[in-house]
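Student: My questions concern the predicted model and sequence given below.
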Amino acid sequence: MQTNQSRGRLEIDFLSRKAMPSIEETCSVLIVGVGIDNDPIRCPYLPYNIGAYLEAEGIDYEMTIVDVDSKPLADLRTRQKLYVPNHNLSVGPKSRRFWEDYLARTGQEDEVLHEMEKGLMFYDYIDNGGLVSSKAYLESGIHTAQIPRSFREKLHNGGISLLEADIARAPLADAKFEFVSCSNVLYLIPSDGQKMAMVNMSAHLASGGRMVVNDLGYVGTPLLMRQGGWLDEGKLADLGLAVEEVLAETSSSQTVALRKC
């Protein structure tokens, strides 16, 4: 699954404005779908961005990460540093600001690599009809920083659980989550699977908890009624959910925050 270093920006903005005032000391988080391919390097970001935010806010957290693909989960188990190609930070001020926020939240200075090191992994990436050279990206610079201290510690003490499963059938036991992030996932699943996934996630959302989902619209299976999908206000009500806020919207895509009633 594709990803980028800004994954989690909408979720964190929403958390800070709406969810955090009701969270006192601890927060249980479910992240569905991690993503690992950030052209042209392999590196996940979403769990680290959310973990860094909660750590900086002084909120203790537990996190369950579900992915049907074993590769990003294996990566999460061993990763020590994040890597961001310089060109990713040059696409606009929001991308650079989000990276600077990550550094500030984790108390780090920006470091830029110009040669390979252990943990930095490139993969074959075709851009404009040609194979991208890792040499060119290294010459431009690869920004790097350590993963959040809290994330590293929780991987070892059980505060973070990694579950290889389809979210439609993922065994979440009796867990209840204050926050669920499920972005860039449901469009990959047929409608019947989407319905099972929404039932599973909503059943494990705490009362008053929030869930972020999106619909790419132009690709895959539509989810939200606005994009031609099945999930309308009535179906949301059946799940005990309601739209709290539209976080992002274009003519062909939409990201919404849902709340457990």
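Tutor: Cool, the structure landed.
Student: ok, what's across the strand from Glu245?
Tutor: When bridges are called by DSSP bridges, Glu245 pairs up with Ala257.
Student: distance of it from Tyr53?
Tutor: Relative to Tyr53, Glu245 is positioned 18 Å away (Cβ to Cβ, to the nearest Å). Every residue, glycine included, has its C-beta placed from N, CA and C.
Student: Between those two, which has more neighbouring residues?
Tutor: Taking neighbours as other Cβ atoms under 10 Å, Glu245 and Tyr53 compare with Tyr53 leading, 23 against 14.
Student: quick one: which helix or strand includes that one?
Tutor: For Tyr53, the host element (DSSP states H and E) is helix 46-56.
Student: Distance check, Gly196 against His87.
Tutor: Careful, residue 196 is Met and not Gly. Counting by Cβ to Cβ, the gap from Met196 to His87 is 39 Å.
Student: circling back to that earlier point, following the helix holding Tyr53, which helix or strand shows up next?
Tutor: With elements assigned by DSSP H and E, the helix or strand that comes after helix 46-56 is strand 60-67.
Student: So which bits of that next one are buried?
Tutor: In terms of neighbour count (16 or more other Cβ atoms under 10 Å), strand 60-67 has its buried residues at Tyr61, Glu62, Met63, Thr64, Ile65, Val66, Asp67.
Student: so what strands line up beside the longest strand along the chain?
Tutor: Longest strand in the chain by number of residues (criterion: DSSP state E): strand 205-215. Paired strands of strand 205-215, with direction, are strand 177-182 (parallel), strand 254-260 (antiparallel) (DSSP bridges).
Student: Turn those into TSV, columns for distance to Leu231, mean pLDDT and mean neighbour count.
Tutor: TSV is the format used below for those (distance: least, Cβ to Cβ, whole Å; pLDDT from 0 to 100; neighbours: other Cβ atoms under 10 Å):
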stretch	distance to Leu231	mean pLDDT	mean neighbour count
strand 177-182	12	96	24
strand 254-260	9	96	22
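Student: now the ones you listed as a markdown table including distance to His204?
Tutor: Below are the strands paired with strand 205-215 laid out as a markdown table (distance: least, Cβ to Cβ, whole Å):
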| stretch | distance to His204 |
| --- | --- |
| strand 177-182 | 6 |
| strand 254-260 | 10 |
